[in-house]
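What shape does this take:
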Amino acid sequence: MADAAETDDKTSGVAPAPAFPIKLLIIVSVVALLFGVGGAIVGVKFFGGSDKNAEHADEHKTEAAAKADPHSEAGGKPGQTTAPGVMFDLDPFIVNLADVPDVRYLKLTVKLEVDNDAVSADLSARVPQIRDAVLVLLSSKDVNAVRTTQGKFQLRDEITQRINGLLPKPGVRSAYFTDFVVQ
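A predicted model of the protein is given here:
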């Protein structure tokens, strides 16, 4: 019995388990934290960088369009703006988007900037043709195509091109969205 008591005393007197698992836990936590922060930085670089590139591309397109625009009163010089054109209002458009599994709707109100009152008179005479062209264009789009800022800019350019294609002489400078709802 004395031997059993001595072994119990020896085992109870033994130092606690080494702190190795705690150190390992701390090291693993720090490494995981570093990977998380590194992943976040890489994600911001990739996703944040694409927005800057898109903005830069849009600015470049705007400058190129201003230089190529023969109707520009500023002569294409950077820093100078042209006088605003006449605004022509179109009634709101409500269309089904081309999303296959889901039914999505787009409500869009457009104002057109035109060169002069003569172009505005041409547009007034062709309202049914214009509405048809825009409705066909809008109903061919899906929600992913119109959700992004770049998609909206592309849609604006396509509307302007389609309407200018209907006129005897192109006179629509730009289309402006005053109401844009996707549901």
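
Give me the residue ranges of the chain where confidence is low.
Along the chain, segments meeting pLDDT under 70 span 1-20, 48-81.

Okay, domains of it per the record?
Per the record, the chain has its domains at 15-83, 86-182, by automatic domain parsing.

what about V136, how many neighbours?
Using other CB atoms under 10 Å, V136 has 11 neighbouring residues. For every residue, glycine as well, the C-beta is placed using N, CA and C.

What of F153?
15.

got it, and the one 5 residues further on?
By the criterion of other CB under 10 Å, E158 has 17 neighbours.

So it is in contact with V136, correct?
No: assessed by CB atoms under 8 Å, E158 is found out of contact with V136, at 10.9 Å.

which other residues reach stretch 119-132?
The contact list for stretch 119-132 (CB atoms under 8 Å, 6 or more residues apart in numbering) reads 86, 88, 90-91, 93, 112, 114, 163, 166-169, 171-172.

Can you check the distance spanned by that stretch, start to finish?
From its first residue to its last, stretch 119-132 covers 18 Å (CA to CA, to the nearest Å).

chain center to it: distance?
Between the centre of stretch 119-132 and the centre of its chain there are 30 Å (CA atoms, centre = their mean, to the nearest Å).

One more: stretch 21-33?
40 Å.

All the strands of the protein, residue numbers only.
For the chain, strands defined by DSSP state E occupy the ranges 86-89, 93-96, 105-114, 172-182.

For the closest residue to L112 other than its chain neighbours, which residues are in contact?
Spatial nearest neighbour of L112, chain neighbours left out: F88 (4.4 Å); criterion: CB to CB, 6 or more residues apart in numbering. Counting by CB under 8 Å, 6+ apart, F88 touches K111, L112, E113, V114, V119, S120, L123, S124.

how close does F88 get to S29?
63 Å (CB to CB, to the nearest Å).

Measure how buried the closest residue to D102 other than its chain neighbours is and give me the count.
Among residues not flanking D102 along the chain, V143 sits closest, at 7.9 Å (CB to CB, 6+ apart). By the measure other CB under 10 Å, the count of residues near V143 is 16.

Using PDB, write out the CA atom coordinates for stretch 36-46.
Extracted C-alpha coordinates of stretch 36-46, given in PDB (Å, rounded to 0.1, in the frame of the first residue of the first chain):
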ATOM      1  CA  GLY A  36      -7.600  36.100 -43.800                       C
ATOM      2  CA  VAL A  37      -6.100  39.600 -44.000                       C
ATOM      3  CA  GLY A  38      -4.000  38.700 -47.000                       C
ATOM      4  CA  GLY A  39      -7.100  37.300 -48.800                       C
ATOM      5  CA  ALA A  40      -9.000  40.500 -48.000                       C
ATOM      6  CA  ILE A  41      -6.300  42.600 -49.400                       C
ATOM      7  CA  VAL A  42      -6.100  40.500 -52.600                       C
ATOM      8  CA  GLY A  43      -9.900  40.700 -53.000                       C
ATOM      9  CA  VAL A  44      -9.900  44.400 -52.600                       C
ATOM     10  CA  LYS A  45      -7.100  44.800 -55.100                       C
ATOM     11  CA  PHE A  46      -8.900  42.600 -57.700                       C
END
